[in-house]
Each structure stands twice: as structure tokens, then as C-alpha cells.
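A.B. asks: curious how this folds, go ahead:
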Amino acid sequence: MLEKDIKKILISQDEITEAAKKLGAQLTKDYEGKNPILVGILKGSIPFMAELVKYIDTHLEMDFMMVSSYHGGTVSSGVINIKQDVTQDIKGRHVVFVEDIIDTGQTLKSLRDMFTAREVASVKIVTMLDKPEGRTVEIEADYTCFTIPNEFVVGYGLDYNENYRNLPYVGVLKEEVYSK
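C.D. replies: Numbering: from 1, shown residues only. Now for the predicted structure:
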């Protein structure tokens, strides 16, 4: 039923799983013995983070933040609204943000700056998708699974008005769906 709104599948579930395995192996190597805190950015990061942590073979902790910059549209508003902060003491810890997509970069730049001020040992950014054409600030992910074109994508945690997150792949949403 949801598939009728999808112009094309950009990244399959199998491709996401393979990318998560590779990234998990790299994070295992990079964070062995460091007990990082993976901070998932709600709600979109949940499917990807759940897939990723299965392949990280070292001790880690997980926490979540709810941050918004879209407010129901297809373009980031640029205003960062923190609805839920982390619950753990992060001072002196290695923090790894896990995000579904980096588009404008404003949200993650704000979070990186905020966490650096909280005196963490390090801040790194993991993203399933990077859309560099959408960037409005200088920021790059430390770990990226896929670089995508400047199209409006949904699925695997990504939404349009809270819908389509449950698609098992990343797809391009038909323009007529979001231009109504």
C-alpha cells in the first residue's frame, strides 16, 4: 500500500544490512576498550541503530535524543528543538551520534558543538545517509554508509509527516505526495 507513493527504491534492505556489518566492524576496531555511548537521534535513527549495534563487537552504551528541525515539511527549518536530552552523564565519554540522514547538517553541527562544550572525550557522527547537496553548514560525518542525491527520501526510519518510517528500504517519495 505504501509502495504506490514511492518513485523508486534507492537502497535495499540487504544493502543497508551489508553497510551496517562493515560499519559495525569499523566501529568495533575504533572503539575497542573505550565503551562509547551511541546516541541515537529519534525517531529516524531507530531502525538503522538497531541494525548497526548487532555488528559492533565491543562494550557500548546506548542513549537517545529527540531533536527536530523539520516540523512537518520537506526542508529543514534551521531551528533546532531539543525535545529529549541524553539521560547519562557524558563528561569524559566517547560519544557517537547515530543519525538516519545528514541533509542541511544544522542539527548535527548544533549537537556536536553542544556536546563538545559538555567536555566529552570525543564526538563522532555516524549516518546511514549523507546528502551533501543539501548542506548549509560545514559538517561531515565521520562514518557514512551511503551518499545520496538531493531527493526526498523515506523509509528505514526516514519519514514524511511521521509516515513511511516502517518501509524496509530507502525510497524516493513521489513529488505529488509531498507537494499536495
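
A.B. asks: strands of the chain, start to end?
C.D. replies: Taking DSSP state E as the criterion, the chain carries its strands at 6-11, 37-42, 61-68, 81-84, 94-102, 122-130, 143-147, 153-154, 170-173.

A.B. asks: what is the longest helix along the chain packed up against?
C.D. replies: Looking across the chain with DSSP state H, the single longest helix is helix 13-31. In terms of contacts (3 or more CB pairs under 8 Å, 6 or more residues apart in numbering; DSSP states H and E), helix 13-31 is packed against helix 46-53, strand 94-102, strand 122-130, strand 143-147. In short, each C-beta sits where N, CA and C put it, glycine included.

A.B. asks: so where is the chain shaky, pLDDT-wise?
C.D. replies: 69-79 (pLDDT under 70).

A.B. asks: now the spatially most central residue of the chain: how far from residue 125?
C.D. replies: Centroid-nearest residue in the chain: residue 99, 1.4 Å away (criterion: CA atoms, centre = their mean). Distance of residue 99 to residue 125, given as CB to CB, to the nearest Å: 7 Å.

A.B. asks: quick check: neighbours shared by those two?
C.D. replies: Shared contacts of residue 99 and residue 125 (CB atoms under 8 Å, 6 or more residues apart in numbering): 108, 141.

A.B. asks: just to revisit the earlier point, quick check: angle from the longest helix of the chain to strand 143-147?
C.D. replies: 160 degrees (axes from the mean of the first three to the mean of the last three CA atoms, to 10 degrees).

A.B. asks: buried residues, helix 13-31. List them.
C.D. replies: Across helix 13-31, burial judged by 16 or more other CB atoms under 10 Å covers 13, 16, 19-20, 23-24, 27, 30-31.

A.B. asks: please compute how far that helix lies from its chain's middle.
C.D. replies: Here helix 13-31 is found 14 Å from its chain centre; the criterion is CA atoms, centre = their mean, to the nearest Å.
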